[in-house]
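# Sequence plus predicted model, see below.
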Amino acid sequence: MVLKEKERAVIQDLQTQEKSCVEKYGKYAEAARDPELKNLFQNIQKQEEEHYQSLSQVLSGTLPACNCNDTQGRDYEPKASYNGMMSPEDKQHDAFLATDCIGTEKLVSGEYNTNVFNFGESGLRKLLADIQIEEQNHAEMLYKYKTVNQMA
């Protein structure tokens, strides 16, 4: 597969987004005070690394197989960690981290939605659409975490 110059630039931009997500989730996993949220951040970080690697393969001329997990968000059932006995400062801290990541996932998902149509190769469009679905799953999982922990 040979990418046009514009396509290569788009993939590189998306890859920069993915690298930023990998770094953010790594830092947020270290900063999270709730082990459930820490684990969620670590799992999402691994998936963002997979997205980064898939885009690297595209840049090297290989189209990786799509393995979209479109039920991950729906199936995620976080356990409530925060209750009346937990520190309100910890809860507020973790709520900020989760909310910030939901915003990031919305932005990244939007980038995939906008850029998918820059490509003529249907297999590449499918890969990008699959990554977008996984980004939406990340936001849904974070939202469910916040909901079960009664975070504003």
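Yep, it's here. Numbering: from 1, shown residues only.
# ok, and for the helix-or-strand element of the chain with minimal mean pLDDT, which residues are buried?
Sorting the helices and strands of the chain by mean pLDDT, DSSP states H and E puts helix 72-75 at the bottom, at a mean of 87. Across helix 72-75, burial judged by 16 or more other C-beta atoms under 10 Å covers Gln72, Gly73. Using the backbone N, CA and C atoms, a C-beta is placed for each residue, glycine as well.
# May I have the secondary structure class of Met141?
When classified by DSSP: H, G, I helix; E, B strand; the rest coil, Met141 comes out as helix.
# Next up, the contacts around it.
With contact taken as C-beta atoms under 8 Å, 6 or more residues apart in numbering, Met141 is in contact with Leu40, Ile44, Gln72, Gly73, Tyr76, Pro78.
# I'd like the distance from Ala32 to Pro78, if you could.
Here the criterion is C-beta to C-beta, to the nearest Å. By it, Ala32 lies 13 Å from Pro78.
# Of these two, which one has the most company?
Ala32 (21 against 18; other C-beta atoms under 10 Å).
# Buried residues in stretch 3-23, which are they?
Applying 16+ other C-beta under 10 Å to stretch 3-23 flags Leu3, Glu7, Val10, Ile11, Leu14, Gln15, Gln17, Glu18, Cys21, Val22 as buried.
# middle-most residue in the chain, spatially?
Glu135 (4.2 Å; C-alpha atoms, centre = their mean).
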